[in-house]
Each structure stands twice: as C-alpha cells, then as structure tokens.
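Pasting the sequence and the predicted model now:
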Protein chains: 2
Amino acid sequence: MVIQDQTIADLGEIESLKRCVSRLNSGDFTKVGSGDDAALIATTDNSFVVTTDTMIEHHDFRLDWSSAFDLGFKAVASNIADVAAMGARPTALVVAIALPGHTPVSWLESFADGLRAGCEQLSPGCAVVGGDLAAAEQVFIAVTAHGQLEGRSPVLRSGAKVGDQVAVAGTLGRAAAGLALLQSGNQDAINAYDDWVNFQLRPQPPISLGIAAAEAGATAMLDISDGLSRDAGRIAKASSVTVQFDSLALSGYAAILEEAARAIEADEKIWVLHGGEDHSLLATFAPDAVLPRGFKRIGTVLEQGAAAVLLDDEPLQTQSWDSVRG
Amino acid sequence: MVIQDQTIADLGEIESLKRCVSRLNSGDFTKVGSGDDAALIATTDNSFVVTTDTMIEHHDFRLDWSSAFDLGFKAVASNIADVAAMGARPTALVVAIALPGHTPVSWLESFADGLRAGCEQLSPGCAVVGGDLAAAEQVFIAVTAHGQLEGRSPVLRSGAKVGDQVAVAGTLGRAAAGLALLQSGNQDAINAYDDWVNFQLRPQPPISLGIAAAEAGATAMLDISDGLSRDAGRIAKASSVTVQFDSLALSGYAAILEEAARAIEADEKIWVLHGGEDHSLLATFAPDAVLPRGFKRIGTVLEQGAAAVLLDDEPLQTQSWDSVRG
C-alpha cells in the first residue's frame, strides 16, 4: 500500500504549522513561544538587534539543488551571521514561508528540521520562535533574526580606522566554488568536491567569533554575504577609508580551491575575492590588538584613496551580485 | 518631454532601498537604524515581543485594488495589531519586499510612504527600521513587528475565565464589506460605500487600546484577523472555555453596513460574524472590571461546552479563511 504524502493544502495552515513547530527546539531566550499573537523574547541591555533577509526561488536558490533541510539551515545561518556581525549573540528568529499548495507536508517538516539544525549547530540556545505559512506560486522565505549584546557595544561598519588590521573568520570562496560546481552540471566534479557544494547549500559562519571580535575591540565588522571585495567596500565607504588586502595572506584560501577550479575551468581567485554566501566575518582591529583565535589577518586599513578596496596596490572591483538586478 | 519612470532593476537594490529609507520616519526606539548588518532597538523589561506575517499578491491582495501606499499602510496596521494584542507598545518593524524588476521606483517610494503613514497614524514613535528588497515574479511582503511591555504582563489567548466579559475595540465587518464591494465589481456601490472599501485597503486597528486593555486587567486578547467567530474560537480553545456572543450587542455593527449589503445583495451579519481583516481587538475582562473607553461588551465567557463559540444559544461556525487553502 502506498501512503500518499499529504500536501500543505490538504492540511491547511494551522495544522501544517503545528507539524513544524513540534520539530523546532524551544530556545533559551523564549518567554512566550509560538501560538499567540506574538512571541516574547528575553534580551539584555534593554535592547535587541534585528535583521531581516529573503530567499526566493529561482533567484536565490533552486529546488533541484537545495533540499528543504538545506534551505532551513541556510536561512538560519545567513541571518544569524548578520546578528553575529554586530557583536551580538543570536537569540530568536521568526520565519515566514510561502509555498505552492501542492507542497508535501514532509517538505515543510524537513525545512523545520533544517531550521532547528542551523540553530543548534551554529548558535546553541537560539531558536525559531514564530512564523507564518502562506500559499504562493514560487517559494519565498523571509527570516528575521534577533540577538542580544550582553554589555558589548554594537560593532558597526563605520568604525574602521587608518592603520587597523583587517581580519577574517571563516571560509572565503567555498560557497562560490560550490555554486560554480552546481552550475557547471559536471556531476563528476560535483561529487569529487562535494565539500564545497555543501558550503554553498549549508554555510557554516563562525557565529561565536562575532562576540569574540567585539570583546577583542573590533572597530568595524560585517558578514560577507556578497563577496569579500564588495563587503570590504561597504566598510571602506561607511568608515571613509580604503581597505587593502594582502594577496599573500589570501593565497591559502585560493590554494585549497585550486583543484576544483581546474576541474571546471574556473578561477579560484575570483571565488575568494568576489564570491558571496560564505557568511564569514570580516572585521577591523586596532594595530596593536591581539586577534581572537579564529581570525586571520588579511590586510590593512589605509587612508581613503581613489579606490575603496585594493589588492596589494591594485584597485579591486567592488561590484558583484545585486539582489534586484541579479 | 516625458521623463520615463525608473524601475528598481534600473537602480538596483542599494539605490532603490536608499530611496525608501529616506522617506521613513526614524522612530523613538531606534538606537541604530537601517544601513548596517542589523538595527539596534531599545526595549523595556529586558524583553521584546515579535510577530511576523506575509502579504502575497493574488492571495492577500490585488494590485488593481490596492495602491502601493495602501499596501504599506496595511502591512504596518495588520502587524502592529498583533503587537497591541499582547498588551505591548509597537516600537519597530522590519519589512522584506520582493517585486518584479520592472516595478517603478516610484511604486516603492509610495509603499514606503504608506509604511510611514501607518506608523505615524496608528502608533506614533514606532518606525520601520530595516528591510530587504529582492526580485520575484509576484509581489511578496513579509513584515516583522516588535513591541515593548513597559511593566505589563503579556496578555495571552489562554487566560479567559468563566464569567468574564467579552469585549471588542474597533470595527467589525467593515473590512469584509469593503472586500465584498470590490469583488462585486459594482462601481456605483464601491463609490457610494468607499468608507468600507477604505477599511479593507487601510485598516484602522485601535493600537493604543491594547495597552489600555492590559492595564485594565484583560485576561485574554487577540486581534481579529480572520473573523470574529474564528478568532473567538482561538480564545475559546486556548482558554478551554466557550465564548458566547450577544446578538443584540452585535446588531449595531451590522446595522451600519446594511445599506451597502443591500446594494450588492450580501448579508451584513455574515461580515460582522465571519469577516476578517478589521484587526480590531477582542478581549476578555473579569466580570467586575471596568472596560477601558473604546471597548464595548459583546458577550460572556461560559464553561466549555460542545461549541467553542455561541451566538446567543446557537453554535457559531468557527471556520473561515485559511491562508494556505484559501
């Protein structure tokens, strides 16, 4: 006997959401959870940080590349990276998702499993505390993430000072390598370098290092969503400085991707300099600061020059992905 | 000379968002606003309430009925009503929107104007503090709203007690009347009863009365999104009681809609009992409580019986709109 998989249209919003909620962790900061008009979340400092982002089918992901679990995991990872980049500890997320009515409930359950795994693996104690489910013709995911500062000052993009060290925590170019592998359609290469594909599908931002950076006195910080060059350009612009990268310090990030690049005739240096979605943390620290373990120095903050970002002495293009233009 | 309207694809995400942000109010609770990885919002009680909701083209609105301004206004109104229904003061919202790339930037600017007007008219001091803009084939709007309790306990759905008064603040059935008028396509009726159409397009929830209700000791509260009957059923279920409405007390809400109903051969009583989207506040209060000005008694909490909701002595259907099933 074949058990037909129920769809979300069969079950309706309330019952489908109930199935999800039962799979989520409850979180250490949740005073009132899912099921009322709003959730109530504990915070410190009589303040909270909040950030929102969307993931849209055909634009940000493809359902034949990403599983429901992958999408849930990535939705958490990419959003709590923004919280971490403020020097805050992620505490709670709300997730709105719109799906075609014919989507099996099991798909939604796997998505919830991915949300939970993202929280538990990347920032234990943090949880999805509420959400919304609706019908649409394409899959749309909107996540809002929250965090608490615990006495730390928020680390903005605008605080970089001339002479500061530029440092990164996390991977560079791996998510872009994974995307290029998927786009190549070269199944042998995809199988051989599935580690990089997995970074694209389920990024691993070093969430706790956001707090470590704030405690070590980071002067500016953000998470690398759109590529090292473009995101460094944002710090440069907000801080009225130029960011100079040291090609030697970046060479290790490229070397590890070289084989995969060769397999699909790509350039691993492009991935490292311009590839997005690693959600690693890019921060600046005073010249004499001791970098927290996990951060690696990759450059220096210079006086504002003609170029916002330099690779050694050459201007680096700071344009890449635009979520509206593509 | 005709100036062609620029599209969001012409301008790209960053510049389009900048145009929006410049039209928003800054808010009384915003410590760090738009432009960094996250916003930083002040709150009281080392806690905050948070709720999220989506509005999706073809499912929740039609672009030939709702202007961009209307959608911005409604996005704020419907979400801060959930905050108010917890007894909290709305403080900050984040808004993610996805639009076709050919959407004129002027449309997005009007949407931002609607967001601002919703905040300023319904809950001064509250503001949109961040957001996200992306491209999609249909319009998606996801709003997350936040509030602070200022020493009050959160008012949940589960606290109604036998003998409590049932009371409502705000309109009943007007948004449903407006929707029915639009759906009728009867332009004469639409023009004659444009007040009700306007309640559908730009609901006017009594936000400050959420705080008043909490201060007056409301035992349970929610905002009426899906219809009086269905939302009363939620209080009944969460509190393990039956909610009984008094048809006489409801008759005034219907009477005012009678003419419009006659014009399109509809039943105004159905609008009052089952119509959604007024975002009025439905609350229960102890038998001896003095209702805050603006609340009107419309029923009584009874011991849990076979029916979750009664109209006088008759069971009331508690099913209506489902955001997945339609």
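Thanks, I have it.

does the most centrally placed residue in chain A count as helix, strand or coil?
Against the mean C-alpha coordinate of chain A, by CA atoms, centre = their mean, the closest residue is A:Ser78 at 2.3 Å. What DSSP: H, G, I helix; E, B strand; the rest coil gives for A:Ser78 is helix.

in the host helix or strand of A:Gly252, what counts as buried?
For A:Gly252, the enclosing helix or strand under DSSP states H and E is helix A:247-255. Judged by neighbour count using 16 or more other CB atoms under 10 Å in any protein chain shown, the buried positions of helix A:247-255 are A:247, A:250, A:253-254. Quick note: C-beta positions are derived from backbone N, CA and C, even for glycine.

Out of the residues you listed, which two sit at the greatest distance?
The span of the buried residues of helix A:247-255, defined through CB to CB, is set by A:Ser247 and A:Tyr253 at 10.7 Å.

on that earlier part again, if you count neighbours, what's buried in the next helix-or-strand element following the helix holding A:Gly252?
Downstream of helix A:247-255, the first helix or strand assigned by DSSP H and E is helix A:258-263. The neighbour-count check on helix A:258-263 (16+ other CB under 10 Å) flags A:260-261, A:263 as buried.

tell me what the helix or strand following helix A:258-263 is packed against?
Next helix or strand after helix A:258-263 toward the C-terminus (DSSP H and E): helix A:268-274. If you count contacts as 3 or more CB pairs under 8 Å, 6 or more residues apart in numbering or on different chains; DSSP states H and E, helix A:268-274 packs onto helix A:174-184, helix A:228-239, helix A:247-255, helix A:258-263.

what's the closest of these to B:Ala213?
Closest among these, using CB to CB: helix A:228-239, at 43.0 Å.

before we move on, the earlier item: pull the contacting residues for the residue nearest to the centre of chain A.
A:Ser78 sits next to A:53, A:55, A:143, A:203, A:205, A:225, A:277, A:279 when contact means CB atoms under 8 Å, 6 or more residues apart in numbering or on different chains.

Which ones among those residues also lie next to chain B?
Subset of those in contact with chain B: A:Asp53, counting by CB under 8 Å from any CB of the partner chain.

which one of the contacts of A:Ser78 is nearest A:Arg325?
Using CB to CB, A:Ser225 comes nearest to A:Arg325 of the contacts of A:Ser78, at 15.6 Å.

Run a quick neighbour tally on the closest one.
24 (other CB atoms under 10 Å in any protein chain shown).

Can you check the pLDDT for it?
Looking at A:Ser225, its pLDDT stands at 95.

Equivalent analysis for A:Arg174, please.
The per-residue pLDDT of A:Arg174 was computed as 97.

now it, nearest residue through space, not along the chain?
Among residues not flanking A:Arg174 along the chain, A:Phe199 sits closest, at 3.9 Å (CB to CB, 6 or more residues apart in numbering or on different chains).

show me the contacts for A:Ala266.
With CB under 8 Å, 6+ apart, A:Ala266 has these contacts: A:177, A:180, A:184, A:260.

Relative to chain B, which of those is nearest.
Nearest to chain B among these: A:Ala180, at 21.6 Å, using CB to the nearest CB.

Could I get the contacting residues of the closest one?
Going by CB under 8 Å, 6+ apart, the list of residues near A:Ala180 reads A:261, A:264, A:266, A:271.

one step back: with distance to B:Ser34 as added columns, please give the helices and strands packed on helix A:268-274 in JSON lines.
Formatted as JSON lines, the helices and strands packed on helix A:268-274 follow (distance: least, CB to CB, whole Å):
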{"stretch": "helix A:174-184", "distance to B:Ser34": "26"}
{"stretch": "helix A:228-239", "distance to B:Ser34": "12"}
{"stretch": "helix A:247-255", "distance to B:Ser34": "31"}
{"stretch": "helix A:258-263", "distance to B:Ser34": "37"}
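
out of these, which comes closest to B:Ala127?
Taking CB to CB, helix A:228-239 is the member of those nearest to B:Ala127, at 21.1 Å.

Report the inter-axis angle for that closest one versus helix A:174-184.
If you take axes from the mean of the first three to the mean of the last three CA atoms, to 10 degrees, helix A:228-239 sits at 140 degrees to helix A:174-184.

Report the inter-axis angle for helix A:228-239 versus helix A:247-255.
Angle of helix A:228-239 versus helix A:247-255, following the same axes, to 10 degrees, is 140 degrees.

and helix A:228-239, how far out from the chain's middle?
Centroid separation for helix A:228-239 versus its chain: 17 Å, with CA atoms, centre = their mean, to the nearest Å.

Show the average pLDDT along that helix.
In the prediction, helix A:228-239 has an average pLDDT of 97.

Name the next helix or strand downstream of that helix, please.
Counting by DSSP H and E, what follows helix A:228-239 is strand A:241-245.

could you say what helices and strands that following strand packs with?
Counting by 3+ CB pairs under 8 Å, 6+ apart, strand A:241-245 packs on strand A:165-169, helix A:228-239, strand A:295-303, strand A:309-311.

which among the contacts of A:Ala266 gets closest to B:Thr30?
Of all the contacts of A:Ala266, A:Ala177 has the smallest distance to B:Thr30: 38.7 Å, by CB to CB.

which bits of the stretch 201-326 of chain A sit near chain B?
Residues of the stretch 201-326 of chain A lying near chain B by CB under 8 Å from any CB: A:221-223, A:238, A:322-326.

A:Glu15 belongs to a helix?
Yes. Secondary structure assignment (three-state DSSP) places A:Glu15 inside a helix.

count of neighbours near it?
A:Glu15: 14 neighbours (other CB under 10 Å).

One more: A:Trp107?
With other CB under 10 Å as criterion, A:Trp107 counts 19.

Provide the secondary structure category for it.
For A:Trp107, the assignment made with three-state DSSP gives helix.

A:Asp231 is in contact with A:Leu282, correct?
Yes. At 5.8 Å, A:Leu282 counts as touching A:Asp231 under the criterion of CB atoms under 8 Å.

Going along the chain, name the helices of the stretch 1-150 of chain A.
Secondary structure of the stretch 1-150 of chain A by DSSP state H, counting those that start in this stretch: the helices cover A:8-21, A:68-84, A:105-122.

Going by neighbour count, which residues in the shortest one are buried?
Across helix A:8-21, burial judged by 16+ other CB under 10 Å covers A:8-13, A:16-17, A:19-21.

Which members of those additionally contact chain B?
Contacts with chain B within the buried residues of helix A:8-21, as defined by CB under 8 Å from any CB: A:8-9, A:11-13, A:16.

Including pLDDT and distance to A:Ala167, could the residues you listed go into JSON lines?
Listed next are those as JSON lines, based on pLDDT from 0 to 100; distance: CB to CB, whole Å:
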{"residue": "A:Ile8", "pLDDT": "94", "distance to A:Ala167": "44"}
{"residue": "A:Ala9", "pLDDT": "93", "distance to A:Ala167": "49"}
{"residue": "A:Leu11", "pLDDT": "92", "distance to A:Ala167": "48"}
{"residue": "A:Gly12", "pLDDT": "90", "distance to A:Ala167": "50"}
{"residue": "A:Glu13", "pLDDT": "88", "distance to A:Ala167": "45"}
{"residue": "A:Ser16", "pLDDT": "92", "distance to A:Ala167": "44"}
